[in-house]
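*Asks:* Provided below for reference: sequence and predicted model.
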Amino acid sequence: MSVAANSSDLATGSDDHHGHGDHDPFLAHHFGSHRQQFDAAKFGMWLFLVTEILFFSGLFCAYAVYRSAHPEAFANADQYLDVTLGALNTAVLIFSSMTMAWAVRASQLGQTKLLCQLLTITIACASIFLGVKAVEYSHKWDLGILWASAFNPVQTSAHSYALLVLSTPAAILSVVFAVLFGLAKTKQNEVSASFWCSLLISAVAFFGGVGMGIAAPAAIEAITGHGAHEEVVATGGAAAVGALATEAEVDDPTYTGVFFSIYYVMTGLHAIHILGGMGALSWLLWRSLNQHFGPKYFGPVDFVGLYWHLVDLIWIYLFPLLYLIG
Amino acid sequence: MTSDASNHSEEHGHDDHHGPDGHHVMSLPMMFGIFGALIFFTALTVAIGQFSLGRWEILITMMIATTKATLVALFFMHLLYDRPFNAMMFSFSLFFVALFLGIVLMDRGAYSEDLVPPVRAEAAPAAPAEPAPKPAA
């Protein structure tokens, strides 16, 4: 069906592509039709996603090899990771994946306003994800739960400025976006104003994520009566005898340290992908505000969406592998 | 269905499953349904993680993760409605990841537990004058 469509487009479209009369600015010269351009671009995007999968597979391989070599390190590492925060971030990413899929739908149907709102929500969710991650990272920094060469866990949390440092970029960006929003407003540039307003919301959402990251474990503690971290200590009463016997071989900080090396590289690389996705989504938002997308031309939204879902897909595996399986 | 582009209007393809140019437009109930299923499976995997299931734990958890990944790929990534070629490419990449992991793990199984074999009591009394052989040498 579509082959016929493409060839007929090629036949009819080839004439007006050379005369620059009413040439569609979003259809490149070397494509016969929007459908052909879309399929070619989608093919390219899938090729890129395949390289991404193979890229991450190296890390999954490192994980698998290390796990097969030192399963006790992975069992031991479980006590340092907060499942609540991991699950919260999973939910945030799944939600952002849904808003992204919805954004693709909105662009296909030409619902520009909805598209802009959904893209803003998606970027804000990415920001919340990073906020929760910042709480996790800073907490680990305070407890000395770092990569192998610096792995030196302590019982009492040192109060450092780690969280403040990790929040600085978001704070600076919030101020910058607020200033740019103000400037655009005074110049009565509505498109720019909406753009900076959306980015301002997204940057501030980071602090929402930080708040959620701090509040969620406390809330779980209040509901269940004991926190995830105390649980490990509390169960010691019954299991102390068994635990003590295995303690000597289980509690080897060298191997647990290597688990955290893998943890930091995997989650760090994933976080870099989130940052890249936020950049791409901001670009989409700018173009959406300029009314570029509609039923005929929505490829970029679809392709960035594919990338965003892949980032979600990788997290779907990272969460159980790092947080759940002990 | 040809891209008779000039009169593509917004009201076209609102309710049918195929939008302009034969592109698949996901329906809202489907989207919320998939979202609900993904959240359900996340809750399930967290709940299962509270019990220690021993050697079954990794299998069950990975099966749930793969179910979630399949939902995302088929629906959110439109693979179910897309040209089969894209799905084929995706499957091939997963096949090669499986080969990669499988062969590396097979290889790892063929070696001893530690990269550096422990030079403990055996080495020390036998040759106290000589230093223990360096692993690099």
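*Replies:* Great, that's in hand.

*Asks:* give me the element the residue positioned nearest the centre of chain A is part of.
*Replies:* Centroid check for chain A by CA atoms, centre = their mean gives residue A:274 as the closest residue, at 3.6 Å. Using DSSP states H and E, residue A:274 sits in helix A:253-289.

*Asks:* Do the next helix-or-strand element following that helix and chain B come into contact?
*Replies:* Next along the chain after helix A:253-289, taking DSSP H and E as the criterion, comes helix A:299-319. Yes. With CB under 8 Å from any CB of the partner chain as the criterion, chain B is reached by helix A:299-319 at A:302, A:305, A:306, A:309, A:310, A:312, A:313, A:316, A:317, A:319. For glycine as for every other residue, the C-beta is placed from the backbone atoms N, C-alpha and C.

*Asks:* and the gap between the residue nearest to the centre of chain A and residue A:316?
*Replies:* 14 Å (CB to CB, to the nearest Å).

*Asks:* ditto for residue A:193
*Replies:* 37 Å.

*Asks:* Same check on residue B:91?
*Replies:* Applying CB to CB to residue B:91 and residue A:316 gives a distance of 17 Å.

*Asks:* which of the two has more neighbours?
*Replies:* residue A:316 (27 against 13; other CB atoms under 10 Å in any protein chain shown).

*Asks:* Could you pull up the residues touching that one?
*Replies:* A:90, B:65, B:68, B:69, B:72 (CB atoms under 8 Å, 6 or more residues apart in numbering or on different chains).

*Asks:* I figured residue A:265 was touching residue A:59, is that so?
*Replies:* Yes. Using CB atoms under 8 Å, residue A:265 makes contact with residue A:59 at a distance of 6.3 Å.

*Asks:* What does residue B:50 show for phi and psi?
*Replies:* phi -70, psi -20 (degrees, to the nearest 10).

*Asks:* Excluding covalently adjacent residues, which one is nearest to residue A:45?
*Replies:* Distance criterion CB to CB, 6 or more residues apart in numbering or on different chains; nearest residue to residue A:45, sequence neighbours excluded, is residue A:303 at 4.3 Å.

*Asks:* quick one, what contacts the one you found?
*Replies:* Applying CB under 8 Å, 6+ apart, we find residue A:303 in contact with A:41, A:42, A:45.

*Asks:* just residue A:325 next, same as before
*Replies:* A:74, B:49, B:57, B:58, B:61.

*Asks:* Burial check on the first one, number of neighbours?
*Replies:* Counted with other CB under 10 Å, the neighbours of residue A:74 add up to 20.

*Asks:* And for the second one?
*Replies:* Residue B:49 sits with 22 neighbouring residues when counted by other CB under 10 Å.

*Asks:* cool, and the third one?
*Replies:* Burial of residue B:57 is recorded as 17 neighbouring residues (other CB under 10 Å).

*Asks:* now for the helix or strand containing it, which elements pack on it?
*Replies:* Element membership for residue B:57, per DSSP H and E: helix B:56-71. Here helix B:56-71 is seen to pack against helix A:299-319, helix B:28-49 when contacts are counted using 3 or more CB pairs under 8 Å, 6 or more residues apart in numbering or on different chains; DSSP states H and E.

*Asks:* Ranking these by mean neighbour count, which comes first?
*Replies:* helix A:299-319 (a mean of 23; mean count of other CB atoms under 10 Å in any protein chain shown).

*Asks:* tell me the angle it makes with helix B:28-49.
*Replies:* Angle, helix A:299-319 to helix B:28-49, by axes from the mean of the first three to the mean of the last three CA atoms, to 10 degrees: 20 degrees.

*Asks:* in the strand or helix carrying residue A:169, what's buried?
*Replies:* Element membership for residue A:169 (DSSP H and E) is helix A:162-186. Judged by neighbour count (16 or more other CB atoms under 10 Å in any protein chain shown), helix A:162-186 contains these buried residues: A:162, A:163, A:166, A:167, A:170, A:173, A:174, A:177, A:178, A:180, A:181, A:184.

*Asks:* Quick one: residues in contact with stretch A:46-59.
*Replies:* For stretch A:46-59, using CB under 8 Å, 6+ apart, the contacting residues are A:262, A:265-266, A:269, A:273, A:306-307, A:310, A:314, B:86, B:89-90, B:92-94, B:96-97, B:100-101.

*Asks:* contacting residues around stretch A:260-280?
*Replies:* So stretch A:260-280 is contacted by A:52, A:56, A:59, A:62-63, A:66, A:77, A:80-81, A:123, A:126-127, A:129-130, A:133, A:140, A:145-148, A:151, A:202, A:304, A:307-308, A:311, A:314-315, A:318, A:322 (CB under 8 Å, 6+ apart).

*Asks:* Quick one: distance of that stretch to the chain centre.
*Replies:* Distance, stretch centre to chain centre, for stretch A:260-280: 8 Å (CA atoms, centre = their mean, to the nearest Å).

*Asks:* Over to stretch A:290-306?
*Replies:* 20 Å.

*Asks:* Same check on stretch A:180-200?
*Replies:* Its chain's C-alpha centre lies 26 Å from the corresponding centre of stretch A:180-200 when counted by CA atoms, centre = their mean.

*Asks:* Start and end of it, how far apart?
*Replies:* 9 Å (CA to CA, to the nearest Å).

*Asks:* what mean pLDDT would you report for that stretch?
*Replies:* Per-residue pLDDT over stretch A:180-200 has a mean of 95.

*Asks:* cool, and stretch A:128-135?
*Replies:* Per-residue pLDDT values across stretch A:128-135 average out to 96.

*Asks:* host element of the nearest residue to residue A:290 once chain neighbours are set aside?
*Replies:* Spatial nearest neighbour of residue A:290, chain neighbours left out: residue A:191 (6.2 Å); criterion: CB to CB, 6+ apart. Using DSSP H and E, residue A:191 sits within helix A:190-224.

*Asks:* Please point out which parts of that helix sit buried.
*Replies:* Per 16+ other CB under 10 Å, helix A:190-224 contains these buried residues: A:192-207, A:209-210, A:212-214, A:216-217, A:220-221.

*Asks:* could you say what helices and strands that helix packs with?
*Replies:* helix A:83-108, helix A:112-143, helix A:162-186, helix A:228-234, helix A:253-289.

*Asks:* Apply 6 Å and report the result again.
*Replies:* In terms of contacts (3 or more CB pairs under 6 Å, 6 or more residues apart in numbering or on different chains; DSSP states H and E), helix A:190-224 is packed against helix A:83-108, helix A:112-143, helix A:162-186, helix A:253-289.
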